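Student: Mind looking at a prediction? Sequence and model below.
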Amino acid sequence: MQDNIEYMMENKKTTLHIFYSWQSDSPNKTNLNAIRNSLRETCVKLESVDASLTLMPDEATRDTSGSPRIPDKITEKIEEAAIFIADITTVTPKDAERPCPNPNVVFELGYAVATLGWDRIILLFNKAMGTFPTDLPFDFSHNRASPYEFAENDDFSTKSATLSKLLEIAIGAVIKKNPKRPAEQKGLTPEKIKHDHDVDNMRWLMEILNIHALQQHIEDLPRKITDEALWFHDSFCTVVNSALFSVYDSILSDAVQGLYIGWNRALSHYGIYRPAGHGRYIFSNPMDAPLDEMQQVAWDDIEEGRIEMEKSIQIILSRLREAYLEINIKKTSEQAWDTYLKFNKSE
């Protein structure tokens, strides 16, 4: 009976292929092996979080029998992939007039853009080997490139862990959003495509924002900050700073940026706060003595950030309720809280 249950659970798994377009012009330690190792670790980590997933790293002619025509096999594998990762690090000499990535990678990337679409593509660039984003070809989508820095004399395990975290966020975002491929978007108007894109991205953002916790945080400022608020701030910044996050809707885009700027401003004086126990930090002097001149400047700056936060989140919520009914704000807020509780439980 137990074997049958395990067999049924196994058959419910979703297998996703992740194609890695690599180059060996750069040192293997910093690029080929670093990305390959981090990708493998990331797949294991994401599978441990979601038991229904089986993630299969793939590349070039791996696991092919005989002598297939390599370009045909590569394009076939790209078509089968759910996610495409390309190492677009500069491979030309540093004094080259026109810095370029590996031409084979560029070919595979072009095919992936046509078959999978940009929303399923992760571009990696090693800043230790070139200048980012200046070296990128003008027609590359710069805001989708994720830079990392790994020099030959760096510690492999430390840099690999950082790269793994970057890939975990990027791959996890593609899996969560499951964007449509170009073939699935045929017949859709540009407006519809952009709307669906914004639905996916704003849902991703809202799923890490608990509205009640954020509103309480805004009410508490400048007087108090909590560990809870800091966790939601870090999660919010992780998504907004991701190369995979973008929004076409100018109202939402401006409001998200406003919340980002205001929130960072409100927390820019964190060092002034005093621990008050139970994950709370208070902005005050002992015995509630009056604030000195520098403290008052900080208080006023935090207040300005708080006001920007309050204005921006209200615009976001109003816009979502007006034009993005596909996003259930109550549901995403509850999911954000569940994620926070699971994080605390694992600590």
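Tutor: Thanks, I have it.
Student: longest strand of this structure?
Tutor: Using DSSP state E, we find that the single longest strand of the chain is strand 14-21.
Student: Indicate each strand paired with that one and its parallel or antiparallel sense.
Tutor: Take DSSP bridges as the rule and strand 14-21 pairs in its sheet with strand 53-58 (parallel), strand 83-87 (parallel).
Student: Could you look over those strands and pick the most buried one?
Tutor: Most buried of those, by mean neighbour count (mean count of other CB atoms under 10 Å): strand 83-87, with a mean of 25. Backbone N, C-alpha and C define where each C-beta goes, glycine included.
Student: what's downstream of it, the next helix or strand?
Tutor: Tracing the chain past strand 83-87, the next element assigned as helix or strand by DSSP states H and E is helix 103-115.
Student: who are the neighbours of whichever helix or strand comes after that following helix, in terms of helices and strands?
Tutor: Per DSSP H and E, the first helix or strand lying C-terminal to helix 103-115 is strand 121-126. Judged by 3 or more CB pairs under 8 Å, 6 or more residues apart in numbering; DSSP states H and E, the packing partners of strand 121-126 are strand 83-87, helix 103-115, strand 145-148, helix 156-177.
Student: Centre of the chain to strand 121-126, how far?
Tutor: Offset of strand 121-126 from its chain centre (CA atoms, centre = their mean, to the nearest Å): 12 Å.
Student: quick one on the thing from earlier: pull the CA atoms of the helix or strand immediately after the longest strand of the chain in the chain into CSV?
Tutor: If you walk from strand 14-21 toward the C-terminus, the next helix or strand you reach (DSSP H and E) is helix 32-49. In CSV, the C-alpha atoms belonging to helix 32-49 read as follows (Å, rounded to 0.1, in the frame of the first residue of the first chain):
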residue,chain,number,x,y,z
LEU,A,32,31.4,27.2,-16.3
ASN,A,33,32.0,25.2,-13.2
ALA,A,34,30.7,27.9,-10.8
ILE,A,35,27.4,28.3,-12.7
ARG,A,36,27.0,24.5,-13.2
ASN,A,37,27.6,23.8,-9.5
SER,A,38,25.3,26.6,-8.3
LEU,A,39,22.6,25.5,-10.7
ARG,A,40,22.8,21.9,-9.4
GLU,A,41,22.6,23.1,-5.8
THR,A,42,19.7,25.4,-6.6
CYS,A,43,17.7,22.6,-8.2
VAL,A,44,18.2,20.5,-5.1
LYS,A,45,17.1,23.4,-2.8
LEU,A,46,14.0,24.2,-4.8
GLU,A,47,13.0,20.6,-5.0
SER,A,48,13.2,20.4,-1.2
VAL,A,49,10.8,23.3,-0.9
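Student: what angle separates the longest strand of the chain from helix 156-177?
Tutor: On the basis of axes from the mean of the first three to the mean of the last three CA atoms, to 10 degrees, strand 14-21 is oriented at 130 degrees to helix 156-177.
Student: Any chance you could list what contacts stretch 133-153?
Tutor: 27, 29-31, 34, 88, 90, 99-101, 106, 118, 121-128, 132, 159, 162-163, 166, 170, 242-244, 246 (CB atoms under 8 Å, 6 or more residues apart in numbering).
Student: switch the cut-off to 7 Å
Tutor: Identification of contacts with stretch 133-153 by CB atoms under 7 Å, 6 or more residues apart in numbering yields 27, 29-30, 34, 88, 90, 99, 118, 121-128, 132, 159, 162-163, 166, 170, 243-244, 246.
Student: try stretch 248-263
Tutor: 194, 197-198, 202, 205, 233, 236-237, 240, 247, 305, 308-309, 311-313, 315-316, 319.
Student: Then stretch 225-245?
Tutor: Contacts of stretch 225-245 (CB under 7 Å, 6+ apart): 143-146, 169-170, 173-174, 201, 204-205, 208-210, 213-214, 217, 256, 260, 263, 267, 270, 273, 279-281, 340, 343.
Student: From the residues you listed, list the buried ones, please.
Tutor: When the contacts of stretch 225-245 are checked for burial by 16 or more other CB atoms under 10 Å, the buried set is 144-146, 169-170, 173-174, 201, 204-205, 208-210, 213-214, 217, 256, 260, 263, 267, 273, 280-281, 340.
Student: The strands paired with strand 14-21 into TSV, with extra columns for distance to residue 152 and mean pLDDT?
Tutor: Shown next, in TSV, are the strands paired with strand 14-21 (distance: least, CB to CB, whole Å; pLDDT from 0 to 100):
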stretch	distance to residue 152	mean pLDDT
strand 53-58	24	96
strand 83-87	16	98
